[in-house]
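Chemist: Predicted model and sequence below, questions to follow.
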Amino acid sequence: MDPVLSAPCDDAEMKTIIQRISDGVRLDKKQRYQLHCGFHLFDGAHISFRGDQMYINGRVTFAVIPMVSVLTLLSSKKNRRGWNMSKLLTAIACMRTDAIETLEIRRLPRRLIGLHRIRESLDKPIASSMLSWVEWMAEEELEPPKHLLMNPLGVWSRDVRQRLSTPIGTKFENRLKEAFSHHPTGLEELATYPWTRRWLVYSQPNQFQNARTLPFEIVGGKLKFVVRSKNNTSRKTTVPDEPAVWAYLLSLAYSPLKSSASNLLYALQHNWTDSKHESHQIPAPLRRSIQFLREVIDSNSDRVFVHDECMLVIGRMGHFYEVKVGKGAHRAPFVIRAIDSLEPRRTTPLCIHEGSFHTTVPLGDTIVSVILSLVDDVKTSGKIDSLREHIASRSPLGFPTALTEKHLPFLHDSTVKQFEQIMNQHASSIRWLPRDQSVGELGEQHNMMHLFRRNIAFNRRRWQRDDVGPNHKSRCDVLVEHAVAANSTMPHPQFIEMWHKSLKDGPLEEEPEMHHFFHHFGRERNHWVQLQHQRQRQIAIVENLPVGDIRNGERRFCEIFPRIWEALFLHPIGSTFRLGVLDGDDVTFEHCHLSMTVRSPQERRIIRRFAVLLGFVENGTQDQKTVFVRRDHAKQTARRNLSLHLDSAQSSLGVPDAPPWHWHFSEVMQTPQKPGNFRSELQQDLRDVNRRLPQHK
């Protein structure tokens with residue numbers, strides 16, 4: 001069946017329009033009118049175009065579309081036959097990857113946000129497109145549930161995008177997973193689309209650490225697919241104007257990063273040009289260097305461990321180092337991070353060479369030199385200042401910042417003495433040893449350096465405590481305490497197991513270097529001001545409620561307040577309800593169990609306005625709550641005045657360009673003679689203190 005019932009012009013004229021758009025030539029008045037008239041589809045949809053925007057049933061789509069490719073697809077009778085073009089075009093028109101605007105703030109006052117709480121997630125652009133598509137489908141395609149005028153999925157998707165754009169202290173992926181666990185009724189109706197099922201079982205990605213290239217770009221009005229060429233560079237190839245190809249690529253592009261569908265899309269990007277299998281030979285020098293690396297790892301099997309692309313090296317005094325092939329400091333082909341703790345995982349970047357890195361040595365030989373240097377880190381520290389400073393200032397993994405006599409038996413005396421000699425040569429001392437074991441004061445040359453180092457260590461510990469609390473001990477610290485108390489061996493096997501687990505579960509984002517703060521302070525302060533302005537315009541939220549919860553964001557005004565409105569006009573004359581006079585008090589009703597926490601004077605004014613429009617009057621106070629009693633029927637202009645009042649509230653609280661809140665409120669019904677049966681949604685306890693809300697409500 002042909003999905004297009006009527007086209008704005010014949011095939012020859014449409015080809016002329018497509019060619020002029022492709023060539024960048026301005027369309028004449030008649031051609032613009034023809035595109036504005038658009039295509040009428042078999043399912044009742046109307047597709048029209050104005051400028052470079054597409055309209056579906058009179059509503060402009062979210063994202064920029066490939067105009068040439070879309071018109072070519074719609075005008076091809078052979079290719080479009082048998083396909084639901086409105087659903088296909090909706091998917092391509094909702095690929096809005098920038099709808100979640102996470103601020104790139106490296107540093108903020110600790111009263112607002114702690115370390116490790118903002119980072120760019122690899123799932124951010126995909127989640128942005130997915131939530132935009134859900135919003136469109138909820139408002140344009142899905143039928144609203146019973147007793148509702150609009151599907152709440154649209155409001156939920158906007159709320160989730162807003163919460164994901166606000167730094168509230170948890171990782172992006174965890175908040176996103178929480179949101180899909182608290183979606184309203186209706187998302188299951190979209191489970192016929194394969195990517196929806198993948199998002200409903202969403203979990204945090206842990207396989208990839210580098211951002212992937214977005215698969216689609218629009219060049220000259222045509223849809224391009226970004227692929228990798230044989231010389232390891234990106235290029236853009238035209239996507240065939242066939243609905244089957246579009247549908248398949250879109251189903252992969254809308255899927256979460258961790259899903260097998262997204263992995264398949266990534267593989268397609270990297271293997272698009274490989275028409276036949278070609279064997280790739282590893283150069284002999286590189287092959288020999290990798291074999292040498294394997295031999296070194298095997299010969300130090302008690303000190304060097306491998307997990308995927310990461311290697312763990314244990315130093316002579318118990319310091320742990322993580323080595324990974326990648327872009328390191330000074331263009332080095334490796335990255336070294338000293339492990340400060342596990343569970344929670346914290347690391348510190350470490351550079352063991354100075355100046356620009358230039359080498360023609362094969363990669364395997366380079367990594368071997370790094371591993372051997374870290375295995376004998378004490379000897380290497382005599383030549384490398386950064387490594388020496390790290391060992392002198394940081395105690396071995398799991399040990400306290402200041403060791404006592406009972407910790408010394410767990411360290412080799414010869415190793416400690418060798419490192420003390422190295423520190424003496426550089427007029428310094430080991431700062432985590434007991435006082436009588438460390439090098440004495442070195443006279444006036446120290447000046448105030450011991451205070452300077454103390455302050456640096458204090459600040460470092462304070463920033464690390466922001467995420468886990470001041471009294472939190474890592475699992476490594478606890479294991480070492482138990483080993484010392486039992487006079488047993490060091491728990492290095494447990495440390496190694498924890499390290500493997502930390503990489504398997506996905507490492508946390510690493511701590512930014514301190515000098516970033518000074519280089520970016522002025523620019524980031526402007527972002528802070530932007531964040532404050534953004535928060536002032538947002539609806540007041542309770543942070544400890546789940547992301548997507550009905551009691552936060554727009555859902556509060558589009559689902560809970562309509563219930564309050566409905567509960568009020570279902571109460572007969574003579575009924576009462578109580579409204580708290582202070583922020584944090586509740587609103588309760590006589591004939592139903594619906595209750596809600598009133599958070600602000602503005603919310604209190606809205607409920608008071610509801611009461612006046614529906615014939616309620618104040619009748620004194622009781623238990624610090626204002627009592628309202630219904631004395632009259634609803635005003636004839638109640639619905640119109642409600643719309644005006646909600647529009648005023650939405651202008652100061654709502655999301656820009658969001659549909660009017662009053663669309664979610666039902667029409668005023670005739671005042672009942674006696675209390676009736678209230679539906680289950682009007683019997684819920686929606687106070688902020690109640691954490692046991694049923695899901696999907």
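Modeler: In hand now; what should we look at? Numbering: from 1, shown residues only.

Chemist: what residues go with each domain of this protein?
Modeler: The chain breaks down by automatic domain parsing into domains covering 4-83, 94-204+510-537, 284-504, 553-686.

Chemist: what would the ones you listed look like in TSV with mean neighbour count, distance to Leu264 and mean pLDDT?
Modeler: Backbone N, C-alpha and C define where each C-beta goes, glycine included. Converted to TSV, the domains of the chain look like this (neighbours: other Cβ atoms under 10 Å; distance: least, Cβ to Cβ, whole Å; pLDDT from 0 to 100):
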stretch	mean neighbour count	distance to Leu264	mean pLDDT
domain 4-83	16	22	92
domain 94-204+510-537	18	12	70
domain 284-504	16	20	83
domain 553-686	17	34	92
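
Chemist: closest to Asn544 out of those?
Modeler: Nearest to Asn544 among these is domain 94-204+510-537 (9.8 Å), distances taken as Cβ to Cβ.

Chemist: which residue packs closest to Ser129, ignoring adjacent ones?
Modeler: Met95 (4.9 Å; Cβ to Cβ, 6 or more residues apart in numbering).

Chemist: Return the residues in contact with the one you found.
Modeler: Listed by Cβ atoms under 8 Å, 6 or more residues apart in numbering, the contact partners of Met95 are 63, 129, 132, 216, 250, 253.

Chemist: Just give me the closest of the residues you listed to Val547.
Modeler: Proximity to Val547 was ranked across the contacts of Met95 by Cβ to Cβ; first place goes to Ser132, at 16.8 Å.

Chemist: can you tell me the helix or strand for Ser643?
Modeler: Taking DSSP states H and E as the criterion, Ser643 maps to helix 638-653.

Chemist: related to what we said a few turns ago, could you dump the domains of the chain into TSV with distance to Val245 added?
Modeler: Below are the domains of the chain laid out as TSV (distance: least, Cβ to Cβ, whole Å):
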stretch	distance to Val245
domain 4-83	10
domain 94-204+510-537	15
domain 284-504	33
domain 553-686	32
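
Chemist: I'd like the distance between the spatially most central residue of the chain and Gly58.
Modeler: With distances taken as Cα atoms, centre = their mean, the chain has Phe172 as the residue nearest its mean C-alpha position (2.6 Å). Going from Phe172 to Gly58 by Cβ to Cβ, to the nearest Å gives 35 Å.

Chemist: Go ahead and confirm Asp632 touches Leu613.
Modeler: No. The criterion here is Cβ atoms under 8 Å, and Asp632 misses it with Leu613 at 10.7 Å.

Chemist: Please enumerate the helices of the stretch 1-150 of the chain.
Modeler: Along the stretch 1-150 of the chain, the segments classed as helices by DSSP state H, counting those that start in this stretch run 11-23, 29-37, 67-75, 77-80, 85-93, 124-140.

Chemist: Do a quick rundown of the helices in the stretch 551-697 of the chain.
Modeler: Secondary structure of the stretch 551-697 of the chain (DSSP H, counting those that start in this stretch): helices at 553-555, 561-569, 601-613, 638-653.

Chemist: still on that earlier bit, which of the domains of the chain sits closest to Val547?
Modeler: domain 94-204+510-537 (4.3 Å).

Chemist: quick one on the thing from earlier: correct me, but the residue nearest to the centre of the chain touches Leu164?
Modeler: Yes. In this structure, Phe172 sits in contact with Leu164. The criterion is Cβ under 8 Å, and the distance is 6.4 Å.
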